[in-house]
Every structure is written in C-alpha cells, then in structure tokens.
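Asker: sequence plus the predicted model coming up.
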Amino acid sequence: PGEEIILGIRAIVPLVIFLLIIMKLVLKVKVPHAGTITYGIVLAVLGMIIFNIGLTYGLAKLGGQSGGLIPAAFNTINTPDGRIVEALFPYGIGLTVAIVFAWVLGFGATLAEPALNALGMTVENLTQGVFKKKSLMYAVSFGVGTGISIGIIKIIFNLPLGYLLLPAYLLALILTYLSNEEFVNIAWDSAGVTTGPITVPLVLAMGLGFSDSVGSIEGFGILSMASIGPIIAVLSTGLWIEYKKRMINAK
C-alpha cells in the first residue's frame with residue numbers, strides 16, 4: 001500500500017509545514033506546547049495513512065463489489081469471475097430492492113460521517129436547542145439516501161442529469177424563499193457532508209460498479225443528487241419546526 005502511505009503523508013505534512021512557516025517567518029512567534037502538537041501531528045499522519053489503507057482495500061472495495069452485484073436483483077449480470085447470474089426477483093420487485101439498498105447505503109454512510117456529527121452539535125448550540133442534533137443528522141441522512149436512490153434510477157434508465165437537477169434546485173430555491181434565514185444557512189451548508197471521506201469513495205465505487213453491471217454509459221451524477229437531497233430535506237425540516245412552533249404559540 002505504498003500509494004496510500006504517500007497520500008496520507010501528503011494530506012497533512014505540507015499543510016503543517018506551511019503553518020509553521022507562517023508562524024515562524026510571518027508572525028515571528030514560537031509554537032506553544034510544541035511537544036504536544038508534534039505528538040498530535042504524528043498521530044494524525046499515522047491515522048490518515050491507516051484510514052487511506054482501510055478505505056482503499058476495505059470500504060471502496062466493498063462498495064464496488066456490492067454495487068456490481070446488486071443489479072442481479074432485477075437484471076442478468078456477468079460477475080468479475082466470468083459467471084452469469086440470472087435476475088433473483090421479478091423486475092419490479094428487484095428494482096425496488098436495488099433502490100432501497102441504495103437509500104440504506106446513503107443513509108448509513110452519511111450518519112457515519114464525522115463532519116455531520118460536528119455540524120449537528122454546532123447547529124444545536126447555535127440554535128439554542130431549537131434544531132436538535134438528531135433532527136439535523138436524520139434529515140441530512142434522509143436527503144442523501146433519497147438523492148442516491150434517484151441517482152441510481154438515473155443510471156438504470158439512462159436519464160439526463162439535467163432533468164433531475166433542475167427541478168430539484170428549483171424546489172430548493174422555493175423552500176429557501178419560504179424558510180427563515182437561520183434554517184437556510186444550515187440547509188445549504190449541510191450539503192458539504194456529502195463530500196466527506198466515507199460517503200464519496202463508497203458512493204462512487206457503488207455507482208461505478210452499478211453502471212458497469214447494467215451497461216450504463218457512466219456512473220457519475222449520483223453525488224450531485226446526494227448534494228441537493230439534504231438541502232431540500234433540511235429546509236423541509238426547518239419549515240416543519242417553524243410550523244410546530246406557530247401551533248404551540250397559537251395555543
């Protein structure tokens with residue numbers, strides 16, 4: 001795994017060197033607690049290397065294999081070892097199984113994102129508990145899962161991506177107009193978790209494996225749908241929270 005080791009070092013060490021140069025040459029200050037910081041940086045580099053290795057040989061591999069085999073639920077496929085696997089279910093049932101699988105995968109991968117957990121805690125503190133951490137995490141995960149499911153439908157039926165993105169962004173803009181500023185900021189920032197280190201490799205590997213099995217031209221476009229999904233979900237959740245507050249105040 002030499003490439004993963006190099007990528008792990010490259011992800012952290014150049015940034016550390018840049019910050020040290022800024023502190024020493026530009027700000028002309030000493031690094032406080034240098035020993036502790038050095039220890040933390042070493043652990044961060046080792047952790048990034050281990051993470052890269054696990055991602056390459058574990059999560060990404062699993063995503064690609066599952067994405068390549070799930071179409072067998074509704075379609076005859078050729079496996080990498082040369083076997084022909086007949087469709088396991090009638091077309092409608094198999095298609096439903098594949099779409100539900102994509103939704104569960106997106107939902108679970110998003111919940112596992114460290115960035116989403118941090119975002120949830122920050123939002124709950126800033127909104128003084130109005131927008132609960134759990135509500136945000138489930139709303140974002142639901143949106144990502146739904147977006148990935150729509151992306152899988154796009155791959156299966158070779159739909160133009162623009163036909164899916166334009167209505168979705170139009171809906172997001174309408175919800176943005178109807179929502180208050182607080183929830184708008186949270187919603188549009190929440191899309192950033194779809195570019196996390198767990199979701200992206202897993203979803204891309206699954207999409208490419210899926211498209212290869214069904215004979216699609218390409219497997220990209222899933223992440224774009226996964227990015228607009230949480231925006232719509234969080235904005236809708238915000239409107240629901242505002243509606244409940246108005247009902248309580250009316251009583």
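Answerer: Now that the structure is in, tell me what you want to look at. Numbers count the residues shown, from 1 in each chain.
Asker: OK, contacts around F107?
Answerer: 141-142, 144-145 (Cβ atoms under 8 Å, 6 or more residues apart in numbering). (C-beta placed from N, C-alpha, C; glycine too.)
Asker: surely S190 touches L136?
Answerer: Yes. The criterion here is Cβ atoms under 8 Å, and S190 meets it with L136 at 7.1 Å.
Asker: overlap in contacts of these two?
Answerer: 116, 119, 234.
Asker: excluding chain neighbours, what is closest to the first one?
Answerer: Taking Cβ to Cβ, 6 or more residues apart in numbering as the measure, L116 lies nearest to V193, with 4.5 Å between them; neighbours along the chain are not counted.
Asker: ok, V100 next?
Answerer: Per Cβ to Cβ, 6+ apart, closest to V100 is S149, 7.8 Å.
Asker: any idea how far the host helix or strand of the one you found is from the chain center?
Answerer: Here S149, judged by DSSP states H and E, is contained in helix 133-157. Relative to the centre of its chain, helix 133-157 is centred 9 Å away, using Cα atoms, centre = their mean, to the nearest Å.
Asker: helices or strands up against that helix?
Answerer: Helix 133-157 sits against helix 91-111, helix 114-126, helix 161-178, helix 181-190, helix 199-214, helix 222-250, with contacts defined as 3 or more Cβ pairs under 8 Å, 6 or more residues apart in numbering; DSSP states H and E.
Asker: mind listing what's buried along the last one?
Answerer: What that stands for is helix 222-250. Residues of helix 222-250 classed as buried by neighbour count (16 or more other Cβ atoms under 10 Å): 222-238, 241-242.
Asker: check the second one too.
Answerer: Neighbour-count burial for helix 114-126, with 16+ other Cβ under 10 Å as criterion, is recorded at 115-116, 119-120, 123-124.
Asker: return that helix as PDB; C-alpha atoms alone will do.
Answerer: C-alpha atoms of helix 114-126 as PDB (Å, rounded to 0.1, in the frame of the first residue of the first chain):
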ATOM      1  CA  PRO A 114     -17.700  12.700  11.400                       C
ATOM      2  CA  ALA A 115     -18.400  16.100   9.800                       C
ATOM      3  CA  LEU A 116     -22.200  15.500  10.200                       C
ATOM      4  CA  ASN A 117     -21.800  14.800  13.900                       C
ATOM      5  CA  ALA A 118     -19.800  18.000  14.400                       C
ATOM      6  CA  LEU A 119     -22.300  20.000  12.300                       C
ATOM      7  CA  GLY A 120     -25.200  18.700  14.400                       C
ATOM      8  CA  MET A 121     -23.600  19.700  17.700                       C
ATOM      9  CA  THR A 122     -22.700  23.200  16.400                       C
ATOM     10  CA  VAL A 123     -26.200  23.700  15.000                       C
ATOM     11  CA  GLU A 124     -27.900  22.600  18.200                       C
ATOM     12  CA  ASN A 125     -25.700  25.000  20.300                       C
ATOM     13  CA  LEU A 126     -26.200  28.000  17.900                       C
END
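Asker: any stretches of the stretch 101-250 of the chain with poor pLDDT?
Answerer: By pLDDT under 70, the low-scoring segments of the stretch 101-250 of the chain are 217-219.
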